[in-house]
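**Q** Let's see this in three dimensions:
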Amino acid sequence: MRFGLRFKFITVIFVSVVLVAGPFLWFFISQQRTLLTDELVERGKILSENLARNSEYGILTEDKVLLRQLIRSVEPHKDLIYVEIMDVAGKILTSYYPLGYPKVVVTKENRVEDKLIINYTTSLAGEPIYDFLVPVWLQTIEEAESDWFIEKEPEEITESKETKTDKIGFVHVGIDLKSTYHNIDRMRNFSILTFGLVYILLAIIFSLFFNRVVVKPIQRFTIRAEAISSGDFERKININRSDEIGQLADSFDSMAENLKNDINIIKDSEKKLKEYSELLEDRVEERTNELEKINIKLLNSIDKVKESDRMKSVFLANMSHELRTPLNSIIGFTGMMLMGMAGDITEEQNKQLTMVKNSGQHLLNLINDILDISKVEAGKTDLFNEEFYIEDVIKEVIDTVTPFVNRKGINLLEQISKKIMIFSDRKRIKQILMNLTSNAVKFTDKGSVKIESKVLKNGLLELCVIDTGVGIKKEDMGKLFGFFQQVDMSSTKKHEGTGLGLYLSKKLVTLLGGEITVKSEYGKGSKFTFTLPLKYKGKT
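**A** From the prediction side, this is the model:
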């Protein structure tokens with residue numbers, strides 16, 4: 001416990017007292033130093049001024065004996081270092097040097113002053129001193145011409161006199177500060193010693209009190225905690241006190257008793273848990289065997305489902321292919337009839353045949369989409385990769401959708417980088433771009449549709465289709481690329497579509513090694529973006 005809680009507490013007390021009392025002690029000593037110094041200066045000032053007043057006659061008569069007797073009257077002053085009495089020209093009439101000659105010489109400039117001059121300087125020995133230079137004045141009193149002063153009081157007579165002064169000399173005095181500083185040092189040492197003794201006494205008292213009230217109870221708590229950690233729950237702390245520490249001791253003993261009971265309960269629980277664990281292992285083994293059998297059945301079922309799905313895709317591909325042949329004939333013959341190649345037709349017949357042709361074309365598009373999806377899912381999609389400029393594909397798409405754009409009265413914009421060479425499947429890229437652009441035109445009634453292309457820093461080609469149409473609600477974003485999903489993009493107008501365009505576009509983009517994303521704000525428009533590698537390295 002040498003550097004334990006008691007040592008830390010005393011250290012905190014010491015630092016606190018030093019931080020609080022240290023500045024106060026320094027301020028007290030500084031004030032005492034200032035007071036003693038000011039007192040010494042005042043005594044020197046009074047001494048020099050008294051000498052100046054009393055040496056008036058001696059200077060006037062140049063009576064050195066009188067002046068020497070005057071200096072002897074101040075010789076008992078223990079701080080006096082030198083005294084000089086001189087005439088107005090600076091000639092020293094008499095002097096007294098108990099501790100040496102003055103370092104400060106009275107110059108002609110000093111003698112011009114008509115007031116007391118006080119300088120803080122050093123003696124020849126380097127000791128700090130105060131130097132006083134006092135002018136000596138000759139005072140003459142002129143009586144009034146009338147004798148009415150006789151009737152007045154002496155004080156009134158004095159006030160009625162006029163005084164004229166003449167400077168006749170100087171008194172030069174030096175006062176030593178060594179004794180004063182010595183007293184200040186003694187006072188400082190005494191204050192520090194007294195403060196130190198008081199602090200040591202307080203530290204001892206605080207240490208004994210803290211040891212009795214805090215440290216010893218904590219030691220008992222430590223011993224009790226170590227006993228509990230070793231499994232001994234019987235020993236008590238036994239602190240008979242009614243304060244917070246006594247309450248803590250009672251609570252600690254109660255906690256130890258509760259901990260003992262809890263440990264016994266835990267041991268019983270562990271015993272039962274071990275029995276249950278053994279029983280559970282047997283049951284788990286039984287269930288594992290059953291699950292393995294079920295898993296084998298599921299794997300067989302999954303293989304059958306995969307085969308069924310593959311057969312479904314093959315069936316759809318074959319059926320779509322078989323359906324396209326007669327459907328193309330229907331569309332072709334209907335077109336020939338509309339062109340009048342089979343003879344003239346009426347306006348109503350023209351209208352009905354146009355509906356047949358449009359419906360046939362719509363059905364053909366649906367069959368083509370189903371055929372493409374079936375091939376993709378069946379893994380039978382053939383890619384024909386070649387080098388081409390992407391701007392050529394964009395222009396073909398623009399030429400295709402321009403009639404629809406003009407019919408709706410919207411703008412078709414483009415911002416494409418020139419001469420971007422790409423090695424990929426030209427037909428599939430055009431199909432993706434055509435699907436996205438057709439959708440944008442379909443759902444845009446005012447504003448514009450814009451196609452952008454650029455090469456990103458990571459070497460990918462980025463194609464964007466941006467429209468100012470109705471936009472997509474947040475709750476519909478998740479089903480946007482679903483199979484046979486057509487998002488309700490407008491509650492007032494129903495748009496035609498198969499619901500396969502975006503699903504097929506995402507499948508084709510993935511097949512070409514790219515990604516497709518969408519950003520949309522309902523009521524303001526959408527932005528579809530897909531990226532493709534400039535050089536496709538997948539299977540062809």
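**Q** Please look at S95 and Y82 and confirm they touch.
**A** Yes: using CB atoms under 8 Å, S95 and Y82 qualify as a contacting pair, with a distance of 7.2 Å. Placement of C-beta: from N, CA and C, glycine included.
**Q** Contacts for stretch 30-46 next, please.
**A** D79, L116, I118, Y130, F132, V173, I175, L177, T180, N183, I184, M187 (CB atoms under 8 Å, 6 or more residues apart in numbering).
**Q** Leaving out chain neighbours, which residue sits closest to the last one?
**A** Okay, so that is M187. Nearest residue to M187, sequence neighbours excluded (CB to CB, 6 or more residues apart in numbering): Q32, at 5.9 Å.
**Q** any idea which helix or strand carries the one you found?
**A** Element membership for Q32, per DSSP states H and E: helix 5-54.
**Q** what's around K216, how many residues?
**A** By other CB atoms under 10 Å, the residues close to K216 number 14.
**Q** Now do the SS call for it.
**A** Judged by DSSP: H, G, I helix; E, B strand; the rest coil, the three-state class of K216 is helix.
**Q** which is the next helix or strand following the worst-scoring helix or strand of the chain on mean pLDDT?
**A** Lowest on mean pLDDT, DSSP states H and E among the helices and strands of the chain sits helix 154-159, with a mean of 48. Downstream of helix 154-159, the first helix or strand assigned by DSSP H and E is strand 162-176.
**Q** and that next one, C-alpha only, in PDB?
**A** Extracted in PDB, the C-alpha atoms of strand 162-176 (Å, rounded to 0.1, in the frame of the first residue of the first chain):
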ATOM      1  CA  GLU A 162       5.400  86.800   1.900                       C
ATOM      2  CA  THR A 163       8.300  84.200   1.400                       C
ATOM      3  CA  LYS A 164      11.100  84.400  -1.200                       C
ATOM      4  CA  THR A 165      13.500  81.400  -1.700                       C
ATOM      5  CA  ASP A 166      16.900  81.000  -3.200                       C
ATOM      6  CA  LYS A 167      18.800  77.700  -3.800                       C
ATOM      7  CA  ILE A 168      22.000  77.700  -1.800                       C
ATOM      8  CA  GLY A 169      23.100  74.100  -1.900                       C
ATOM      9  CA  PHE A 170      22.300  70.300  -1.900                       C
ATOM     10  CA  VAL A 171      22.100  67.400   0.400                       C
ATOM     11  CA  HIS A 172      23.100  64.000  -1.200                       C
ATOM     12  CA  VAL A 173      22.100  60.900   0.800                       C
ATOM     13  CA  GLY A 174      22.400  57.200   0.000                       C
ATOM     14  CA  ILE A 175      20.300  54.600   1.800                       C
ATOM     15  CA  ASP A 176      21.400  50.900   1.700                       C
END
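**Q** Just give me the longest helix of the protein.
**A** Longest helix of the chain, by residue count under DSSP state H: helix 244-338.
**Q** quick one: K507 and S526, what's the gap?
**A** Remark: distance between K507 and S526 (CB to CB, to the nearest Å) = 20 Å.
**Q** Which one of these two is surrounded by more residues?
**A** Per other CB under 10 Å, whichever of K507 and S526 has more neighbours is S526, with 24 against 21.
**Q** In contact with the more buried one, which residues are there?
**A** A440, F443, I466, D467, G469, G471, I472, V518, K519, S520.
**Q** Could you identify the buried members of the residues you listed?
**A** By neighbour count, with 16 or more other CB atoms under 10 Å, these hold A440, F443, I466, D467, G469, G471, I472, V518, S520 as buried.
**Q** Closest one of these to E285?
**A** V518 (51.1 Å; CB to CB).
**Q** quick one: pLDDT of the closest one?
**A** For V518, the pLDDT comes out at 93.
**Q** and what of G523?
**A** At G523, pLDDT is 88.
**Q** So it: helix, strand or coil?
**A** What three-state DSSP gives for G523 is coil.
**Q** Spit out the contact partners of it.
**A** V470, G471.
**Q** Quick check: it vs G447, distance?
**A** G523 is 12 Å from G447, by CB to CB.
**Q** again with K260
**A** 80 Å.
**Q** And for the residue nearest to M187, the neighbour number?
**A** 15.
**Q** ok, now E396?
**A** Using other CB under 10 Å, the number of residues around E396 comes to 13.
**Q** Determine the three-state secondary structure at it.
**A** helix.
**Q** That one contacts I429, correct?
**A** No: using CB under 8 Å, E396 is not in contact with I429, being 10.5 Å away.
**Q** that older thread, take the buried ones among the contacts of S526 and keep only those in strands.
**A** Among the buried ones among the contacts of S526, DSSP state E puts I466, D467, V518, S520 in strands.
**Q** if we can go back for a sec, just give me the closest of the contacts of S526 to I204.
**A** K519 (78.2 Å).
**Q** Return the set of residues that bridge with that closest one.
**A** On the basis of DSSP bridges, K519 is bridged to K527.
**Q** got it, and Q415?
**A** E452.
**Q** which residues touch it?
**A** Taking CB under 8 Å, 6+ apart, we find Q415 in contact with K450, I451, E452, S453.
**Q** Any regions of the stretch 351-500 of the chain where pLDDT drops low?
**A** For the stretch 351-500 of the chain, applying pLDDT under 70 flags the ranges 361-362, 369, 377-380, 482-499.
**Q** if I look at N411, how far off is F27?
**A** For N411, the distance to F27 - CB to CB - is 85 Å.
**Q** Ok, L259 next?
**A** 57 Å.
**Q** Enumerate the beta-bridge partners assigned to the nearest residue to E515 once chain neighbours are set aside.
**A** Among residues not flanking E515 along the chain, T531 sits closest, at 5.6 Å (CB to CB, 6+ apart). In this entry, T531 is beta-bridged to E462, E515, by DSSP bridges.
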